[in-house]
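Participant: What shape does this take:
(one chain, ligands or ions: 1)
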Amino acid sequence: MITAYHRPESLEEALRLLARPVPETIPLGGGTSLARVKSDDFEVVDLQALGLGQITVRGNFLEMGAMVRLQTLVESEAISDALRRAIRHEAPLNLRNMATVAGTLVAADGRSPFAAVMLALDAQLTLVGGQPPALSDVAEPALNSAEGSAVSLGELLLLREDLLPGALITHITIPLNVSLAYEYIARTPADLPIVCAAVAGWPSGRTRVVLGGYGASPLLAMDGPTPDGAQIAARDAYSEAGDEIASAGYRSEMAAVLVRRCLER
Ligand SMILES: Cc1cc2nc3c(=O)[nH]c(=O)nc-3n(C[C@H](O)[C@H](O)[C@H](O)COP(=O)(O)OP(=O)(O)OC[C@H]3O[C@@H](n4cnc5c(N)ncnc54)[C@H](O)[C@@H]3O)c2cc1C
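Facilitator: Prediction:
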């Protein structure tokens with residue numbers, strides 16, 4: 001249970017609180033998952049007074065503060081319809097009004113539509129505090145002690161337990177000059193996906209294919225110079241994605257179908 005609540009007004013103070021080895025102290029975004037799952041005693045550092053709630057267009061990039069609420073992003077004119085659709089699929093309105101972009105990515109499992117589309121867009125995160133990622137663990141980290149470390153969402157999802165203790169995500173950046181499509185299959189339109197696909201295409205032809213619906217996080221099935229081979233990559237990537245919700249054979253076939261639909265869009 002939460003034993004103490006801190007609301008620092010500077011990043012330095014927030015990092016000082018989070019760096020304490022005891023008591024266990026973790027960031028509080030919207031708080032919607034913290035209230036549900038934690039059983040041990042811990043303290044929280046509320047990030048809402050740190051000025052991390054802005055959405056800013058910088059050239060071909062959209063930079064969002066970690067505390068931007070999902071619903072604020074839905075209402076932003078800067079995002080694509082596919083991203084808007086995936087966020088609406090992530091959570092109902094009441095939850096979107098509370099949940100933050102960073103908290104949602106940190107808490108995401110394989111069924112998170114928001115994490116899937118953000119991974120397809122190759123979202124980059126700014127991390128401050130904590131242990132900087134080891135060079136051997138993370139490809140080309142842009143370390144800067146004053147401004148934090150640039151870490152891709154793909155790296156964060158793989159290394160959450162290593163990168164996050166004592167650290168804060170301050171910003172998340174996505175490209176705006178990329179076309180995005182999102183398709184899914186679920187029991188009902190409001191359910192989280194049994195299988196979903198997000199495909200992002202850059203003007204250069206670069207194509208990233210991400211699958212969701214299974215496992216601990218969405219899966220990057222392909223990052224290639226053209227869309228060629230995307231369906232085969234999707235089928236292969238989910239060839240063993242079986243669990244109590246769906247068989248691997250079903251997910252694998254549906255992944256290829258969804259990727260074809262995304263490419264047709
Ligand atoms: C009724 C209900 C239903 C839900 N259903 C689902 C569901 O179906 N699927 C699902 O995945 N989730 C579900 N959730 C969980 C939760 O709503 C989502 O994961 C939510 O998007 C988390 O966002 P948040 O901002 O509230 O994060 P928080 O709960 O504040 O934080 C989530 C995690 O992220 C960390 N964190 C937050 N901000 C930062 C930051 N800036 N830097 C570093 N770490 C940070 C926190 O320490 C915590 O570990 C549900 C919650 C509720 C209340």
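Participant: Check the burial of the residue nearest to Gln71 when sequence neighbours are not counted by counting its neighbours.
Facilitator: Spatial nearest neighbour of Gln71, chain neighbours left out: Arg96 (3.9 Å); criterion: C-beta to C-beta, 6 or more residues apart in numbering. C-beta: built from backbone N, CA, C; applies to glycine. Neighbour count for Arg96, taken as other C-beta atoms under 10 Å: 22.
Participant: Contact residues of the stretch 1-150 of the chain facing the ligand?
Facilitator: 26-34, 36, 47, 66, 95, 98-100, 102-104, 106-107, 109, 112 (C-beta under 6 Å from any ligand atom).
Participant: are any of those residues buried, and which?
Facilitator: Neighbour counting with 16 or more other C-beta atoms under 10 Å marks 26-32, 34, 47, 66, 99-100, 102-104, 106-107, 112 as buried within these.
Participant: burial measure for Met1, as a count.
Facilitator: Neighbourhood size, Met1 [other C-beta under 10 Å]: 8.
Participant: What's the local residue count around Gly205?
Facilitator: 11.
Participant: quick one: contacts for it?
Facilitator: Gly205 sits next to Pro225, Thr226, Pro227 when contact means C-beta atoms under 8 Å, 6 or more residues apart in numbering.
Participant: Is it correct that it falls within a helix?
Facilitator: No. Using DSSP: H, G, I helix; E, B strand; the rest coil, the secondary structure at Gly205 is coil, not a helix.
Participant: roughly how far apart are it and the ligand?
Facilitator: Going from Gly205 to the ligand by C-beta to the nearest ligand atom, to the nearest Å gives 33 Å.
Participant: between the contacts of Gly205, which is closest to the ligand?
Facilitator: Pro227 (29.3 Å; C-beta to the nearest ligand atom).
Participant: tell me the phi and psi of the closest one?
Facilitator: Dihedral pair for Pro227: phi -80, psi 0, per degrees, to the nearest 10.
Participant: Hmm, Ile26 and Ala34 touching each other?
Facilitator: Not Ala; residue 34 is Leu. Yes. Here Leu34 reaches Ile26: they are 7.4 Å apart, a contact under C-beta atoms under 8 Å.
Participant: quick one: common contacting residues for these two?
Facilitator: With C-beta under 8 Å, 6+ apart, Leu34 and Ile26 have common neighbours Val44.
Participant: still on that earlier bit, for the contacts of Gly205, give me JSON lines that also has distance to Leu62 and pLDDT.
Facilitator: Supplementary listing: those in JSON lines, determined by distance: C-beta to C-beta, whole Å; pLDDT from 0 to 100:
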{"residue": "Pro225", "distance to Leu62": "24", "pLDDT": "98"}
{"residue": "Thr226", "distance to Leu62": "25", "pLDDT": "97"}
{"residue": "Pro227", "distance to Leu62": "23", "pLDDT": "97"}
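Participant: Tell me the one of those nearest Ala181?
Facilitator: Pro227 (11.0 Å; C-beta to C-beta).
Participant: Spatially nearest residue to that closest one (excluding sequence neighbours)?
Facilitator: Of all residues not flanking Pro227 in the chain, Thr207 sits nearest, at 4.4 Å (C-beta to C-beta, 6+ apart).
Participant: List the residues that contact that neighbour.
Facilitator: By C-beta under 8 Å, 6+ apart, the neighbours of Thr207 are Val199, Ala200, Gly201, Met222, Asp223, Gly224, Pro225, Thr226, Pro227, Ala230.
Participant: Give me the buried entries from the contacts of Gly205.
Facilitator: Pro227.
Participant: And the strands in the stretch 151-265 of the chain, which stretches?
Facilitator: Using DSSP state E, counting those that start in this stretch, the strands of the stretch 151-265 of the chain run over 167-175, 179-185, 195-201, 207-212, 219-224.
Participant: just the strands in the stretch 1-150 of the chain please.
Facilitator: Counting by DSSP E, counting those that start in this stretch, one finds strands in the stretch 1-150 of the chain at the ranges 2-6, 25-28, 42-46, 55-58, 61-65, 124-129, 142-144, 148-152.
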